[in-house]
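In: with the input below, show me the fold.
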Amino acid sequence: MPQSGGARMDPGSVGDASEASTGHERTVRERYMLRLGYRSLKLRISSMRECADERIKGLPSFDPCLSPGRTGRPEVVVSDDQAPLLQHPPADVAREESGAFVPTGSKPFLGRGSMLSSVFNLSSAALGAGILALPYAVCQSGIVLGLIFLAVAAYVTMFSIQLLVRCRDETRLSTYEDLAVLCFGKRLSVIVDVSIILFCFGTCVAYIVAAYDIVSPIVRDIFPNHPVLFAKPTIMITVVTTIMFPLSLVDKMSSLRFPSFIGVLSICYLVFAVVCDSAYTVVTKGVPPLSPYLIRMHWSCFRSISIIMFAFTCQVNVFSIYTELQRPSIRRIKKIVRRSTLITFSLYVMIGLFGFLRNLDSTQPDILYNYSLLQNPLIGVGQLAMGVTVALAFPFNVYPCRFTIEMSLFADSRPSKSRFNIITAAIVFSALAIAIFVPSLDRVFSLLGSTTSAFVSFVLPALFYRKIFPGPWQRPDRLAATCLLVAGAAVGIIGTAVDVFNIS
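Out: Numbering: from 1, shown residues only. Here you go, the predicted structure:
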């Protein structure tokens, strides 16, 4: 999903305490869901039944006409381990098994589930390698249309997240997969699973290509006489095998709030560097004539829309962020979404506009290709910061892909470390093999934005909402959801056709 707002789960260590007490070994799905704090209806009923069975063992039969003293049986004293079924669990158990927020009396910086950490998590889910192609998207559509597309995409993203949150509040289901099963049944829900796998896998491909685009200029400037060192296969294989793949194999990951904070700061620095360099260029060379670059009406506009849609994609991470939020409510998540979207939109406008104004028609599909590390140290540091961001973000793109595969094929199986490693290796190295043959970064973002991103981020939320909230189609909320559905499908179909035509 595109980057996740929750930590990846350790399937081998979740729920050990509860299994010891109940004698029931949880399946892969139950372990994953418990670690994230997701408790589906089936899992909640199962847990309540197990707990109820433990509570009633050894209790005397109940006669409403007789008190305990008149029955000749001793009065049952409810001890701690025989507490009412709905009694809140201890704080440490709640933290370990559900991942939910438990007040501790202190408010640390970027505390777990806080508003600030949630804003950074959601911002980091949207901000990523997609920002590198935004100046090229503005170049393809023109300044005016590019800014309009960015504003519309920001608003539509907020609206689609609002639909997902309302569906989650209504059904208490906290995954795309569960909502798909509820709305369409198990057979059609396979389409949703495949879409999520393709989207996350495609994002892994894009991040490998982005890593090459970031590292290759640095290596080329340092070793200009050794082309084999900055060849595409050499750099990609080196980065994947030494950094990305080992990080993807980590069994446990801490909360994403600090990596998210670092990632957002790194991207802020890159935007700052691009804006400063563009301002310096304008001051020294003067403002170029902008009339030819205001509006560009041609089929490439749809590629621009697809790139921008992919850049705003963060919907698949909303559920985990909402689940871990302190005092979760629609009002609080709306504040988080508005602030996160404002941060994302502001950074996108600055890098898209100033990156294009500096390079005009020479704008590359990856903005970093327009700069040299040795000639521009300010941008060079930004390149290094972006490299750190991509390296930290890659494992969080592998996780939802692996998660969906395990839930689809091995949900009722016992956790297996070897299977975990095999699936991870298959995802990472398959993405590497495809990335080597991808011509440019914009093609990956454009195809993802027009296909799986449009479907997962805009079409599915509208379909979920229409199914869960029935009523006349003229009702404003259902009419707005229908417009989102039609617009997302139309842009996806046309954008895919444009990309396929250009590629072939």
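In: how near is Arg166 to Tyr322?
Out: Separation of Arg166 from Tyr322 (Cβ to Cβ, to the nearest Å): 11 Å. Bear in mind the C-beta positions are built from the backbone N, C-alpha and C, glycine included.
In: no wait, Thr389
Out: 24 Å.
In: those two: which is more packed in?
Out: Neighbours per residue, other Cβ atoms under 10 Å: of Thr389 and Tyr322, the larger number sits with Thr389, 29 against 25.
In: hmm, that one is touching Leu265, no?
Out: No - contact criterion Cβ atoms under 8 Å: Thr389 and Leu265 do not qualify, at 9.2 Å.
In: any idea which helix is longest in the protein?
Out: In the chain, ranked by residue count with DSSP state H as the criterion, the top helix is helix 176-222.
In: so Gln375: helix, strand or coil?
Out: Under DSSP: H, G, I helix; E, B strand; the rest coil, the three-state class of Gln375 is coil.
In: quick check: it vs Thr496, distance?
Out: From Gln375 to Thr496 the distance is 38 Å (Cβ to Cβ).
In: find residues that contact each of Arg166 and Tyr322.
Out: Counting by Cβ atoms under 8 Å, 6 or more residues apart in numbering, Arg166 and Tyr322 have no shared contacts at all.
In: looking at the chain, which helix or strand is least sure?
Out: Of all helical and strand segments in the chain, the minimum by mean pLDDT, DSSP states H and E falls on helix 91-98, at a mean of 42.
In: where does pLDDT dip in this structure?
Out: Scanning the chain for pLDDT under 70 picks out the ranges 1-113, 251-257, 259, 373-374, 441-442, 502-504.
In: which stretches of the stretch 401-504 of the chain form helices?
Out: For the stretch 401-504 of the chain, the helices defined by DSSP state H, counting those that start in this stretch cover 417-437, 441-448, 454, 460-468, 476-503.
In: again, but for the stretch 51-200 of the chain
Out: Under DSSP H, counting those that start in this stretch, the stretch 51-200 of the chain gives helices at 91-98, 115-126, 134-141, 143-171, 176-222.
In: in PDB, list the C-alpha atoms belonging to the second one.
Out: What follows is the C-alpha trace of helix 115-126 in PDB, where atoms were taken according to Å, rounded to 0.1, in the frame of the first residue of the first chain:
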ATOM      1  CA  MET A 115      -2.500  12.900  16.700                       C
ATOM      2  CA  LEU A 116       0.900  14.000  15.700                       C
ATOM      3  CA  SER A 117       2.300  10.600  15.100                       C
ATOM      4  CA  SER A 118      -0.800   9.600  13.100                       C
ATOM      5  CA  VAL A 119      -0.400  12.700  10.900                       C
ATOM      6  CA  PHE A 120       3.200  11.700  10.200                       C
ATOM      7  CA  ASN A 121       2.300   8.100   9.600                       C
ATOM      8  CA  LEU A 122      -0.400   9.000   7.100                       C
ATOM      9  CA  SER A 123       1.800  11.700   5.400                       C
ATOM     10  CA  SER A 124       4.600   9.200   5.100                       C
ATOM     11  CA  ALA A 125       2.300   6.600   3.600                       C
ATOM     12  CA  ALA A 126       1.500   9.100   0.800                       C
END
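In: buried set for that helix?
Out: Met115, Ser117, Ser118, Val119, Phe120, Asn121, Leu122, Ser123, Ser124, Ala125, Ala126 (16 or more other Cβ atoms under 10 Å).
In: which one of the helices of the stretch 401-504 of the chain lies nearest to Thr175?
Out: Proximity to Thr175 (Cβ to Cβ) singles out helix 460-468 among these, at 11.5 Å.
In: elements contacting that closest one?
Out: Under the contact criterion of 3 or more Cβ pairs under 8 Å, 6 or more residues apart in numbering; DSSP states H and E, helix 460-468 touches helix 143-171, helix 176-222, helix 476-503.
In: buried set for whatever helix or strand comes next after the longest one?
Out: So the one you mean is helix 176-222. Downstream of helix 176-222, the first helix or strand assigned by DSSP states H and E is helix 232-239. For helix 232-239, burial by neighbour count (16+ other Cβ under 10 Å) applies to Ile235, Met236, Val239.
In: what do you get for stretch 176-187?
Out: Those would be Tyr176, Glu177, Asp178, Leu179, Ala180, Val181, Leu182, Cys183, Phe184, for stretch 176-187 by 16+ other Cβ under 10 Å.
In: can you check stretch 288-300 too?
Out: Tyr293, Arg296, Ser300.
In: ok, and what's touching that stretch?
Out: Applying Cβ under 8 Å, 6+ apart, the set of residues contacting stretch 288-300 from outside is Cys139, Gln140, Ser141, Gly142, Ile143, Val144, Leu145, Phe356, Leu357, Leu360, Val498.
In: for that stretch, measure first residue to last.
Out: Counting by Cα to Cα, to the nearest Å, you get 23 Å between the two ends of stretch 288-300.
In: for stretch 404-414, the distance to its chain's centre please.
Out: 20 Å (Cα atoms, centre = their mean, to the nearest Å).
In: who are the packing partners of the longest helix of the chain?
Out: By 3+ Cβ pairs under 8 Å, 6+ apart, helix 176-222 packs against helix 143-171, helix 232-239, helix 377-409, helix 417-437, helix 441-448, helix 460-468.
In: the third one vs helix 232-239, what angle?
Out: In other words, helix 377-409. Angle, helix 377-409 to helix 232-239, by axes from the mean of the first three to the mean of the last three Cα atoms, to 10 degrees: 70 degrees.
In: can you check what angle separates helix 377-409 from helix 176-222?
Out: 150 degrees.
In: so who does Thr482 touch?
Out: Ala462, Arg466, Trp473.
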